[in-house]
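# Predicted model and sequence follow; I will ask about them next.
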Amino acid sequence: MRMKPLHLASALLWLVLSGLIAQAFVNRAVSRADQRLQSLADRLGGELALQWQSGSALLDSYAILDGMSGAPRGKTGRDAGGDLLRGSGKAGLALLRAEDFATADYVAVASVDGSVRPDPAVGAMVRATGRALVRGAGVAVSPPFVAAGGRRVYLRLRPRAAATAQGPRAVIAVLAAADALTPDLKALPAGAGVRLSLAPGAHAAAGAGFFERRAFDGGWLARRLLPRLEAERHPAMTAPMLRLDWQPGFEIVDGFEWAAMSCLSLALSGLLVFAPAVRRHCRGDRFEHEMREFYQANHDRLTGLANRNLFYDRMQHAIARLQRNGRQLAIVFLDLDRFTAVNDTLGQAGGDQVLRSVAGRMRTCLRGEDTVARFGGDEFVVMLEDIGGYQQVERVLARLKQELERPYALEDGRSLQLGVSIGTAYYPDDGERVEELLTAADRAMYGDRHEPVIVL
């Protein structure tokens, strides 16, 4: 069964509008999710900045202590800094005093448990990270690496004395646990990814990662309908860069939004389904109202017969049609003799009853295509279309006169007998215009005019 074009258009319109409603609520949810991610990035970035500033303050403090210690040049970091390093916890300090750290095999630094021992891995990282100091950086940061004991650590270095053309001859370093920079994963949205990496600039190995957790892709449909959200924070020049990455799913749309979308979609479907019916109903009411107004404007309120306006209109159309086919029509004027006496005797209500009875009898005597009109008072006009000749009209008029002069039963039990005067005009013999025919019929009105008889 084929759908009507209107039904198909309504279905397509419902789909389009429902999609726009859903998009509006999804955009609202995405905006809220993005605000949540940006707020979380601000908080994690602030925590990272505080922690990084604490490490920077520690490095500066150790530099001050180193200047106050007056450690003789040429001693190893283990000899000069052992008293300062012991018991330092997660972070340790070594005064790296190798005459040329670029070629040293190892340097003595404090391990994360507070002890001091040679560590080739640390020495190699010091040499690599120190190249940033050679390029003129004030502070250099190493990428995370595994030191002795299996811990992931990183170095923060600064020159101990004024650098020469070949770079600083000695550096001060803080060795810290890389895991201490791991952000609070519990605060991340489900499926969100996070990466903590060295930023470009004064770092020895820009882009090296401190920590990374890949984001969940969110599913095929979510990837195509929802945007991927990102947030990036860089707390300080030498601090690692924090990047948050999140592909949200449809769980970001809360219950209220799902309910609102469903209600609006149902309301829209109801509107599209019932609107045509309501429109048809309204159009039907309006049509009925217009038809009622048309009827009242073109019909006599008392008898329901056509009034003068409708009779003139039908007569003009009939004359135009007869001009093409050469047929005839007859205009009949009828007047109830001395009807004023009936009103005087029976009153207005009784006279109205008699007029309604007259109109009913005229309808029964005439054909459906003939037009009967009341021009006012006791005057009636009949238009007989497509007549076969004068004799046919005479037979119709005789039957009509006989019917109208029969006694009328009144509501109070009495009866009334009326006389009728009739005048006839023919088209085109008596005229070709409406006014000419009506005037001719009025002049030709005949019949015995006598007093109405009321039988008790």
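Received it, and whenever you're ready, just let me know what you need.
# From here on, just use CA atoms for contacts and neighbour counts.
Fine.
# Which pLDDT value belongs to residue 382?
Residue 382 carries a pLDDT value of 93.
# what are the bridge partners for it, then?
Beta bridges link residue 382 to residue 332, residue 372 when assigned by DSSP bridges.
# count of neighbours near it?
By other C-alpha atoms under 10 Å, the residues close to residue 382 number 20.
# Just confirm residue 172 contacts residue 159, I think it does.
Yes: between residue 172 and residue 159 there is a contact under C-alpha atoms under 8 Å: 6.2 Å.
# Please enumerate the strands of the stretch 351-456 of the chain.
Assigned strands in the stretch 351-456 of the chain, in chain order: 371-376, 379-387, 408-409, 415-417, 420-427, 453-455 (criterion: DSSP state E, counting those that start in this stretch).
# among these, which is nearest residue 253?
Among the strands of the stretch 351-456 of the chain, the nearest to residue 253 by C-alpha to C-alpha is strand 371-376 (71.6 Å).
# Contacts for that closest one next, please.
300, 303, 305-308, 311, 362-363, 380-384 (C-alpha atoms under 8 Å, 6 or more residues apart in numbering).
# if you set the cut-off to 7 Å instead, what comes out?
300, 305-308, 311, 380-384 (C-alpha atoms under 7 Å, 6 or more residues apart in numbering).
# Just the CA coordinates for that strand, please, in CSV.
What follows is strand 371-376, C-alpha atoms only, in CSV (Å, rounded to 0.1, in the frame of the first residue of the first chain):
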residue,chain,number,x,y,z
THR,A,371,-36.3,28.0,-8.4
VAL,A,372,-38.9,29.3,-5.9
ALA,A,373,-38.1,32.6,-4.2
ARG,A,374,-39.9,34.9,-1.7
PHE,A,375,-39.4,38.5,-2.6
GLY,A,376,-41.0,39.8,0.6
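# Buried residues, that strand. List them.
Within strand 371-376, the residues that count as buried by 16 or more other C-alpha atoms under 10 Å are 371-375.
# could you give the mean pLDDT of that strand?
On average, the pLDDT along strand 371-376 is 90.
# Hey, what's the angle from it to strand 379-387? Just curious.
160 degrees (axes from the mean of the first three to the mean of the last three C-alpha atoms, to 10 degrees).
# Centre of the chain to strand 371-376, how far?
From the chain centre to the centre of strand 371-376 is a distance of 59 Å (C-alpha atoms, centre = their mean, to the nearest Å).
# Count the residues that sit near residue 211.
16.
# in the strand or helix carrying it, what counts as buried?
Using DSSP states H and E, residue 211 falls within strand 209-213. Neighbour counts over strand 209-213 (16+ other C-alpha under 10 Å) mark 209-211 as buried.
# Go through the residues you listed and name the one nearest residue 5.
The closest of these, once distances to residue 5 are taken by C-alpha to C-alpha, is residue 211, at 59.9 Å.
# ok, now which ones touch the closest one?
By C-alpha under 7 Å, 6+ apart, the residues touching residue 211 are 182, 195-197.
# Which among the residues you listed count as buried?
So, by 16+ other C-alpha under 10 Å, the buried ones in the contacts of residue 211 are 195-197.
# Now go through those and say which are in strands.
Using DSSP state E, the subset of these located in strands is 195-197.
# Closest one of those residues to residue 47?
residue 196 (13.0 Å).
# From residue 225, how far out is the closest one?
Noted for residue 196: a distance of 28 Å to residue 225, by C-alpha to C-alpha, to the nearest Å.
# Check residue 433 too.
Applying C-alpha to C-alpha, the value for residue 433 to residue 225 is 77 Å.
# same thing with residue 315?
Separation of residue 315 from residue 225 (C-alpha to C-alpha): 71 Å.
# Output the longest helix belonging to the protein.
Scanning the chain for the helix with the most residues, using DSSP state H, yields helix 5-69.
# for that helix, what is the average pLDDT?
When pLDDT is averaged along helix 5-69, the result is 81.
# what's next to stretch 309-327, contact-wise?
298, 328, 373, 386, 434.
# distance between the longest helix of the chain and the chain's centre?
Distance, centroid of helix 5-69 to centroid of chain: 27 Å (C-alpha atoms, centre = their mean).
# Which elements pack onto that helix?
strand 229-233, helix 255-298 (3 or more C-alpha pairs under 7 Å, 6 or more residues apart in numbering; DSSP states H and E).
# Which phi and psi values does the closest residue to residue 379 other than its chain neighbours adopt?
Leaving aside its chain neighbours, residue 379 sits nearest to residue 335 (4.8 Å; criterion: C-alpha to C-alpha, 6 or more residues apart in numbering). The phi and psi values for residue 335, taken as degrees, to the nearest 10, are phi -140, psi 130.
# Repeat that for residue 378.
The phi/psi pair for residue 378 (degrees, to the nearest 10) reads phi -110, psi 20.
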